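Chemist: kindly generate the corresponding structure for this input.
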Amino acid sequence: MSNSQNLRQSIGQQVIMGIEGLTLTEAEKTFIVDNNIGGIILFRRNVEGGAEQVRDLCASIQELRHKMRDKAPFTISIDMEGGRVHRLRPPFTQFPALAHVGKIDSTSVAFRFAQMMGDELRAVGINLDFAPSIDIFSNPANTVIGDRALGTTAEPVGRLGSALVRGYIKAGVIPCAKHFPGHGDTLIDSHHGLPVEQKTLEELEAFELEPFKKVIRARLDLIMAAHIRYPKIDPEWPATLSEIFLKKLLREKMRYRELIITDDLDMGALKQNYPKPVIAVRALKAGCNILLYCNETDSPPIAIDAVEKAVRDGELELSVVEDNCARMLNLKKANLAHPEPKSMSDVSRIVGHPDHLRLAQSILAGSVPADLLNQTT
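Modeler: Numbers count the residues shown, from 1 in each chain. Below you'll find the model as predicted:
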């Protein structure tokens, strides 16, 4: 293998990308294998065929690893928070929004909520969930977060968020806390534009950062950076692209040692303000370990080309790419020893399990029976 090919494949391992439909296309398979892509993110367009279709898609993705340089399992990820951020339709259990979990204010309920959701995800082969949201819903006009938040103050969000993290881990699913340093006080949806907040570092530390401090102690392996600019803290870059936020604050001050992933790098907050090649390179320079591309098929190849050029030109240290690749492989080694989906008979037993349906309904009703908190399914 040439040095150029080896570099590109190390870059590819730190990319998570979306795919087009219910099955992999031949072009997608070729690109994924040739570039040693690290993970796939699934959206509604990929999971509309029921539990068996999702299971078969995940199995086909994992099968590709045997053709790749590192032979490492894929992270197969999804946004499954509950409520309106819920990609999987029935027969998967329709879990309620986190605001309902927050109203009950029980760590046992939060743990079981995440464990049961995680059991269904893991059964079909999904091993990474971009959840929980630990944003504090502090601005009633913020429709971006709203009922996606566990609460309006730091203490319960951190406490219940930590229980959610432990529940996903118990189910064998990697959780990802988001959106650092906090999306709960914004008005602009970063899918469409760049939110700009005037908070100082002291204000963030006293409020928005508190839940992140707590979930970090819950064996959290992954944090998602938000596309929000805080000019009083970093006058130039939004958090996703900011060394001040990721290296100085999250790494040095908060002592977070695990992986940082970007939010979708094709969201309007970034692509309206920076060229795609600049975004990819800058995210890695700022301290992100994983680049996330959800919807635009041209973005992953542009990103890999840009990062390769940046390394060749001396703009980005080769050690950054090598370290990120090693971190991604270590994450998989520690968490994905058995990446294949379960048998279809097990999937049918776990997905939409009566206890899962009861828990979802009980949370909506505001009271969860004790027997649901002490069982395994």
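
Chemist: Pro132 against Glu81, yeah?
Modeler: Yes. Counting by CB atoms under 8 Å, Pro132 touches Glu81, with 6.7 Å between them. (C-beta placed from N, C-alpha, C; glycine too.)

Chemist: which neighbours do the two have in common?
Modeler: Taking CB atoms under 8 Å, 6 or more residues apart in numbering as the criterion, Pro132 and Glu81 both touch Leu98.

Chemist: neighbour count: these two, which is higher?
Modeler: Pro132 (31 against 22; other CB atoms under 10 Å).

Chemist: residues touching that one, list them.
Modeler: Applying CB under 8 Å, 6+ apart, we find Pro132 in contact with Glu81, Leu98, Ala114, Leu150, Gly161, Leu164, Val165, Tyr168, Pro175, Ala177, Lys178, Val215.

Chemist: of these, closest to Pro277?
Modeler: Minimum distance to Pro277 across the contacts of Pro132 is 25.0 Å, recorded for Lys178 (CB to CB).

Chemist: in three-state terms, label the closest one for me.
Modeler: Of the three states, Lys178 takes strand under DSSP: H, G, I helix; E, B strand; the rest coil.

Chemist: how many neighbours does Gly172 have?
Modeler: 18.

Chemist: and the strands in the stretch 51-200 of the chain?
Modeler: 75-78, 80-82, 85-86, 128-129, 174-175, 177-180 (DSSP state E, counting those that start in this stretch).

Chemist: again, but for the stretch 201-350 of the chain
Modeler: With DSSP E, counting those that start in this stretch, the ranges of strands along the stretch 201-350 of the chain come out as 222-225, 259-262, 291-293.

Chemist: which among the ones you listed is found nearest to Glu26?
Modeler: Of all the strands of the stretch 201-350 of the chain, strand 291-293 sits nearest to Glu26, with 19.7 Å by CB to CB.

Chemist: for that closest one, packing partners?
Modeler: strand 15-18, strand 259-262, helix 276-286, helix 299-312 (3 or more CB pairs under 8 Å, 6 or more residues apart in numbering; DSSP states H and E).

Chemist: how far does the longest one sit from its chain's centre?
Modeler: Relative to the centre of its chain, helix 299-312 is centred 22 Å away, using CA atoms, centre = their mean, to the nearest Å.

Chemist: could you report the neighbour count for the closest residue in space to Glu210 that isn't next to it in sequence?
Modeler: Of all residues not flanking Glu210 in the chain, Ala154 sits nearest, at 3.8 Å (CB to CB, 6 or more residues apart in numbering). Ala154 has 22 neighbouring residues, counting by other CB under 10 Å.

Chemist: quick check: which ranges of this structure have low pLDDT?
Modeler: Applying pLDDT under 70 to the chain flags the ranges 1-2, 185-190, 192, 375-377.

Chemist: next, name the residue at the spatial heart of it.
Modeler: Geometric centre of the chain, nearest residue: Phe130, 3.0 Å, by CA atoms, centre = their mean.

Chemist: ok, it touching Arg87?
Modeler: No. Using CB under 8 Å, Phe130 makes no contact with Arg87, being 10.2 Å away.

Chemist: list the contacts of Arg327.
Modeler: By CB under 8 Å, 6+ apart, the contact set of Arg327 is Leu259, Asn289.

Chemist: out of the contacts of Pro132, which one sits closest to Gly193?
Modeler: Among these, and counting by CB to CB, the member closest to Gly193 is Lys178, at 18.5 Å.

Chemist: and that closest one, how far is that from Arg148?
Modeler: Distance of Lys178 to Arg148, computed by CB to CB, to the nearest Å: 10 Å.

Chemist: so what's in contact with these two at the same time?
Modeler: Counting by CB under 8 Å, 6+ apart, the common neighbours of Lys178 and Arg148 are Ser133, Asp135.

Chemist: for burial, what's the neighbour tally of the nearest residue to Pro301 once chain neighbours are set aside?
Modeler: Nearest non-adjacent residue to Pro301, counting by CB to CB, 6+ apart: Phe31, 7.2 Å away. Using other CB under 10 Å, the number of residues around Phe31 comes to 18.
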